[in-house]
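S.K.: pasted the sequence and its predicted model underneath.
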Amino acid sequence: MSRITRKRKEDIGLSPYEIKFRGQKKADKTTMELFDFNLDFVHEISVKSIDKLRAYQTGDTITWLNVNGLDDVNLMKNLADIFSIDNNIMSDILNPAVRPKVQEFEKGIFVTLKMLQINEHTNKLSVENLCLVITHDYLISFQEEKGDFFDTVRERIRKHKNKIRVAGPDYLAFALLDMVVDNYIYIIGLLGEKIENLEERMTGNVNKQLPELINHYKQELNFLRRHIKPAKEMILTLAKMESEFIHDENRVNYKELQDNINEANELTDSYREMLYDLLNIYHTAATTRLNDIMKVLTMISVIFIPLTFIVGVYGTNFEYLPELKWHYGYFIMWGIMTIVAVLMIWYFRRKKWY
Amino acid sequence: MSRITRKRKEDIGLSPYEIKFRGQKKADKTTMELFDFNLDFVHEISVKSIDKLRAYQTGDTITWLNVNGLDDVNLMKNLADIFSIDNNIMSDILNPAVRPKVQEFEKGIFVTLKMLQINEHTNKLSVENLCLVITHDYLISFQEEKGDFFDTVRERIRKHKNKIRVAGPDYLAFALLDMVVDNYIYIIGLLGEKIENLEERMTGNVNKQLPELINHYKQELNFLRRHIKPAKEMILTLAKMESEFIHDENRVNYKELQDNINEANELTDSYREMLYDLLNIYHTAATTRLNDIMKVLTMISVIFIPLTFIVGVYGTNFEYLPELKWHYGYFIMWGIMTIVAVLMIWYFRRKKWY
Amino acid sequence: MSRITRKRKEDIGLSPYEIKFRGQKKADKTTMELFDFNLDFVHEISVKSIDKLRAYQTGDTITWLNVNGLDDVNLMKNLADIFSIDNNIMSDILNPAVRPKVQEFEKGIFVTLKMLQINEHTNKLSVENLCLVITHDYLISFQEEKGDFFDTVRERIRKHKNKIRVAGPDYLAFALLDMVVDNYIYIIGLLGEKIENLEERMTGNVNKQLPELINHYKQELNFLRRHIKPAKEMILTLAKMESEFIHDENRVNYKELQDNINEANELTDSYREMLYDLLNIYHTAATTRLNDIMKVLTMISVIFIPLTFIVGVYGTNFEYLPELKWHYGYFIMWGIMTIVAVLMIWYFRRKKWY
Amino acid sequence: MSRITRKRKEDIGLSPYEIKFRGQKKADKTTMELFDFNLDFVHEISVKSIDKLRAYQTGDTITWLNVNGLDDVNLMKNLADIFSIDNNIMSDILNPAVRPKVQEFEKGIFVTLKMLQINEHTNKLSVENLCLVITHDYLISFQEEKGDFFDTVRERIRKHKNKIRVAGPDYLAFALLDMVVDNYIYIIGLLGEKIENLEERMTGNVNKQLPELINHYKQELNFLRRHIKPAKEMILTLAKMESEFIHDENRVNYKELQDNINEANELTDSYREMLYDLLNIYHTAATTRLNDIMKVLTMISVIFIPLTFIVGVYGTNFEYLPELKWHYGYFIMWGIMTIVAVLMIWYFRRKKWY
Amino acid sequence: MSRITRKRKEDIGLSPYEIKFRGQKKADKTTMELFDFNLDFVHEISVKSIDKLRAYQTGDTITWLNVNGLDDVNLMKNLADIFSIDNNIMSDILNPAVRPKVQEFEKGIFVTLKMLQINEHTNKLSVENLCLVITHDYLISFQEEKGDFFDTVRERIRKHKNKIRVAGPDYLAFALLDMVVDNYIYIIGLLGEKIENLEERMTGNVNKQLPELINHYKQELNFLRRHIKPAKEMILTLAKMESEFIHDENRVNYKELQDNINEANELTDSYREMLYDLLNIYHTAATTRLNDIMKVLTMISVIFIPLTFIVGVYGTNFEYLPELKWHYGYFIMWGIMTIVAVLMIWYFRRKKWY
């Protein structure tokens, strides 16, 4: 599978206001869960009929509607209708390949970014688009498929009578975004752990699979970066946004979100540099090792070459070749050869050639 | 053909207000198509006489005039006259080598950028300059030659009674610009597909044509970058522009345009990095392979060199050379040589030299 | 131990307002020391009961409360209560992995950064998180464990009736932060000394341990950078902050702090570049040396190869080989070989091949 | 000649208000040409006496005074006097090594940058400093020597009754600056043509002169960059300048100038990158070729080494060496050697070693 | 000596208001020279008693007090007293390792940067800290030791009745700073001259000392950069400063100063790049040369290896080896060997292997 989403020919020139599902269907059926709460009570409802939603609209409670699955275009049109979501925003919600962005419209703020999740068992990384619509009294979140990603936040709403119950949809949105960013950092950390393990394995031996592994991790890191970088821009815009839909007392939380995404970004940079260093160390080690081998091999050759020459000399068939007649000529030759070899080895040693 | 347009000597010092065609003639004849529409009707007219244009000027409809071919200077002067286009802007329209830019003048906004298009059959990339003049009630687009680039937009005007029919010339301009940018992303995607295929082919074997291919793709990518980068700047300026000719409710579309061009830019950067990585991987693989070959070759030499020396010793003609007289001397020599060879191989193995 | 702190799975999605200790317990017991002073007197108290703290709150003295150890969550909650510290700030104080930051709240300013300290004896570097809460009339500092890091400042308070006694908690905070930054510079200097020593050792010989050492220092430098860079951002924010809790006359000190952290940053950059250069020099030297060795070895081979060929010629057993019959044939062969060898050496010399 | 101008010891500490010629004398004699024009007439005068200049000062015409040659300090002082040019500006005019800059003074704007010109015949590049002083009703241009650089502009003034005749000295200045920048682009284009030719010559063979050529072009490009970069800064400042001496209706032209200089800048960057790529391609090709040669040479050696060993074996003088007695021993040896050689070649082939 | 100043342990945590000399004593005795001047007269006084200074304080003259030597802490305290210099500024003056900075205080502006000076005879570079205090009617300059650095400015004051006599202490400060920056440019120029000479020496031969020289120049350049970069920042701050102590009519001079320091900065960048290119060219040349040598050596080996094999064949002692019996066998062998050698050489040539 390609790691980068490509533009489809048929999507060129489409109206940004056309409500059409532009992704791959991931959920069998579109389901909706609703949390309606204030400091006193929490109602959890699995929404079957869309008409009931209107009942939660006006009121003194915070309403969180979570929509799983995006391909039911009619439902989406109804939702847009009920909650006064602009067409071009609904069009973005239906396009899972949309770039992370934040956009204010008449009735609220639209925020989208990618959720990265790692499956504990298969160790596989999944990417899912998350869209949030924040208004005065409700938060709508759109996910491509049903998941338990936000269960911690659900628990917090259920159990604790604290800030999350009263601080408004913008604070709830912050809690969700914070979970997404925390997951970024967690996933980078998992990858980082492997990279640091690699570093330890490197000292000592030159393993030929290392460059391949390093390259593999680099691609994974690039994949993360490609999703984190636009998310960072988006959160920066959000943190600086002057909007009636973000309460002043929650603004500090968005600053914190910004700190977190910055940390995620810096971590990828750190690991990237670490991988780059590792590759360099590997190459240096491999080259040094090869050079040492070649040097030793060459030296062995060089030591034997003059010796072979000497025995060659006494292999000639000259009629008059005095040394051959000497009684100990053969042993003298051995002696000379030994001396030559020892001298060469001594010379190489003295020059610190090996 | 050179990939970068060069300044012609005769164009130095020309007045920026001189109406003169400065490109290569691409169209046989200048033709003009006119769309005049509002929510109720759409008129399509192939304009023959320039005088009829005046009729569409004032009115409660949106008028889109598309001009194909730029070399008819007289016609251009007349158009400038009718629509009050400044001379220096008309001069830019007639110069296909003009840099992407946006410029406001008394009666409207002038926007220019490059259209990139890929021919489905020949797979060749063509570059054409697009100029747009946006005023209160009309949009004029100038293309170098007649083409079907904007047919999707034409269909949207003909078929749907929606925003494009009423949102004004600035929204129509946005629709055209969006198609241009969508095409950028599409073309980058096509190139990206080839690059990702390359990546898959690489694992396994060291193909000598790879560096050439990589280099070829890199040049194509640079070509795209050279057109996309100034377009990005231009769109950024447009998105931030405070102008009476851009309606506030369409401003959000220009922000989206900006997101799209940013995505195009990031994609080229991603692929660029990917190519760079590929080249590195290729070089590492090629070097490793060469080193392995040379090491094995050198080892073969090194194993035979002492053996050759030994046989040399017994090739000497010394009168007194005891071993030669031994009955099994020859076989003992073979034995010794076998031991030497085995020892060397064992040593190389133990040292993990191959 | 991993050099980069990783996100723990269980911390994902926690409320930023939840008071929970998120670090490793370092101190056995949480202790508190209090300095209460003005120009006339200095009181030093080891605080046992938290209730006594209230007494020092309102008044015309400056109060510095130093808290060592963070794991006593109840105590922390009480402190937050007494000094009106926001929950999300107290939550950051209890998280030693928090990123350096500055944050204003209703009753004061919260500042956090990492203290780096080097143990004189073991030469080991320790990292500790420091949190400061600055209000109108007190400064609270939180350290992970009891230490003598700030003894110089304590002495200044005790001994001198000068600015530190009257300039307010913000000035005191500056003094502490300045010590932290001074320590950064001092520690970089220590590392820098080793790096500069390395540089001197390099001229002359090619030591194989050098790349490893260089790499080691590079990792240490990266470790420092990873803590100094966010501290720099934090201090920049602090210096530009418009806050009622920072007196205008102390603003100049914060500018100085900024200068210092900039210097720390530039020093790491300088040493980084120096290491990079060192590595390059090492590689160049090593490569040059290897090349020289291989060249000499190859030359020795090349000189002997024609000689071995010549003796080979006279080792052939042709029945009619006139030179063999010559009385001085053997010596003539030696002469020819000597000439060949001398010519080759002369040729190599003339070409400046060695 | 050095490519970078160096500070002279005697110029250190000079007053910036001291009127002294600080360049090399290039013109024999200082000459002055004057254009005085409005929509109705054009007067061209070769000014001999400086006193006549006063006559053109006040009036309803635009006056362009072009001064060639700068070493006549007295004349310069008089000019400064007549046109109220500040001393520190006149001091800059007399210093051809001055950095491109723009500076407003009481009576006008002072602009300076380098003119680059290529001699059609000798192909040599010359650098000359151009200074412009723009006031309400005149433009003074200072050149180091008499030249025909601005003849196109002179023709435009003489021939056409258009904007240049009425739009004021600031428009005239823009026309001159535009010619200078157009020349930058033209010269970069000429160099770019050579670089692109180089690219075509490269595919196919490894020419040893290429790195030298590439390096030569790189130096030329750096030379251009060194002059274009500060000119870009200067023009940026000029385009953003709020000054009474630049008419609002001419401001758009300065924006265009900015576009042009940006294009010049981008072109140098493009060619720079192209040269860098070329060098990389060259090195890769050269290395690949060398490696291939060395591999083949090594293989030839490796094939013969076992063969030489085999003949060595049968060159030994053992009394009992059965194979030597066999009638077809010699031919069997050849057979074995052929088999060995063929096997080795087959093995190398199968491993795709060449 | 270390090239980078390191923090001393005992300086950590010192109060920024403590008046203490923190440098190395360079001057035997602190001396003070005073210039008191206006357009009419110039008084030069060697100040012995500090009390006399008060006399020059109020008045209609400009007073320049130059202090050489900083270790007389009592004197410094008195000066601070007389001229109302803040303690933290005096503390910076006494610390020669202070980073270049500009700081406004109640009574004036404090400016500090490094003076670089080259000794004409010994060719050694010295660094000295310069501090300036600019107030309404006096300028105090602090140098570490007595020197003739500013003699040109002194002459200008003595000789010319011009701007420097009336334009105020801020203009005088500009004149001093301009000399400092001019010296930067001059020193960079000297180093640049050596670098450009190196470039010329390189074409032609591969000198082994070149990398060492290049590295040496690089270190010198880095040393310059380390002092020029913070000076650039400081001057930028100064040029943008809104202060009552800088007259509006002198502001243009500070802009010029900024241009000069920018030029210094760009020059170091240019030379840096030049050195980088030189090193690359050197390495390419060295590698090419080595490769050529190794190729030729390998070819010689490869030509002789088959010949040695052939003579080996006829050195075998087979009883039946027909060629040995042939009368011209020996000469036929020579003929074959000649043909083999010629064929190989011809093949290498045809392949353009050398």
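M.R.: Received the coordinates, thanks.
S.K.: every contact and neighbour count from this point should use C-alpha atoms.
M.R.: Noted.
S.K.: what about the residue in the stretch 201-350 of chain A that chain B sits nearest to, neighbour count?
M.R.: In the stretch 201-350 of chain A, the residue found nearest to chain B is residue A:315; the distance is 3.8 Å by C-alpha to the nearest C-alpha. For residue A:315, the neighbour count with other C-alpha atoms under 10 Å in any protein chain shown is 27.
S.K.: does it touch residue B:315 like I think?
M.R.: Yes - Residue A:315 lies in contact with residue B:315 (C-alpha atoms under 8 Å); the separation is 5.4 Å.
S.K.: if I look at residue A:165, how far off is residue A:35?
M.R.: Relative to residue A:35, residue A:165 is positioned 11 Å away (C-alpha to C-alpha, to the nearest Å).
S.K.: contact partners for the residue of the stretch 201-350 of chain A closest to chain B?
M.R.: The contact partners of residue A:315, by C-alpha atoms under 8 Å, 6 or more residues apart in numbering or on different chains, come to B:312, B:315-317, C:311-312, C:314-315.
S.K.: what's the closest of those residues to residue B:44?
M.R.: Residue B:44 has its nearest neighbour among those in residue C:312, at 96.2 Å by C-alpha to C-alpha.
S.K.: list phi and psi for the nearest residue to the residue of the stretch 201-350 of chain A closest to chain B once chain neighbours are set aside.
M.R.: Closest residue to residue A:315 apart from its sequence neighbours, by C-alpha to C-alpha, 6 or more residues apart in numbering or on different chains: residue B:316 at 3.8 Å. With angles defined as degrees, to the nearest 10, residue B:316 sits at phi -70, psi 150.
S.K.: how about the contacts made by residue B:316?
M.R.: Contacts for residue B:316 (C-alpha under 8 Å, 6+ apart) come out as A:311-316, D:316-317.
S.K.: repeat the analysis, applying 7 Å as the threshold.
M.R.: Listed by C-alpha atoms under 7 Å, 6 or more residues apart in numbering or on different chains, the contact set of residue B:316 reads A:311, A:314-315.
S.K.: out of the residues you listed, which sit inside helices?
M.R.: Mapping the contacts of residue B:316 onto helices (DSSP state H) picks out residue A:311.
S.K.: got the contacts of residue B:316 as CSV, with distance to residue A:353 columns?
M.R.: Compiled in CSV, those are given as follows (distance: C-alpha to C-alpha, whole Å):
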residue, distance to residue A:353
A:311, 27
A:314, 31
A:315, 33
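S.K.: of the contacts of residue B:316, which is the nearest to residue B:80?
M.R.: Closest to residue B:80, out of all of the contacts of residue B:316 and judged by C-alpha to C-alpha, is residue A:311, at 97.8 Å.
S.K.: hmm, that closest one is touching residue B:314, no?
M.R.: No - applying C-alpha atoms under 7 Å, one finds residue A:311 not in contact with residue B:314, separated by 8.3 Å.
S.K.: residue of the stretch 201-350 of chain A nearest chain C, please.
M.R.: Across the stretch 201-350 of chain A, the shortest distance to chain C (C-alpha to the nearest C-alpha) belongs to residue A:316, at 3.8 Å.
S.K.: mind checking how far that residue is from residue A:95?
M.R.: 88 Å.
S.K.: list the buried ones in the worst-scoring helix or strand of chain A on mean pLDDT?
M.R.: In chain A, the helix or strand scored least confidently by mean pLDDT, DSSP states H and E is helix A:163-166, which has a mean of 85. Buried residues in helix A:163-166, defined by neighbour count with 16 or more other C-alpha atoms under 10 Å in any protein chain shown: A:163-166.
S.K.: same thing with stretch A:241-259?
M.R.: Using 16+ other C-alpha under 10 Å as the test for burial, stretch A:241-259 gives A:241, A:245-247, A:251-259.
S.K.: do a quick rundown of the strands in chain A.
M.R.: Secondary structure of chain A (DSSP state E): strands at A:31-37, A:42-47, A:62-68, A:101-105, A:108-118, A:125-134, A:138-143.
S.K.: closest to chain D out of these?
M.R.: strand A:101-105 (30.1 Å).
S.K.: quick check: which ranges of the stretch 1-150 of chain A have low pLDDT?
M.R.: By pLDDT under 70, the low-scoring segments of the stretch 1-150 of chain A are A:1-5, A:58-59.
S.K.: thanks a lot, catch you later.
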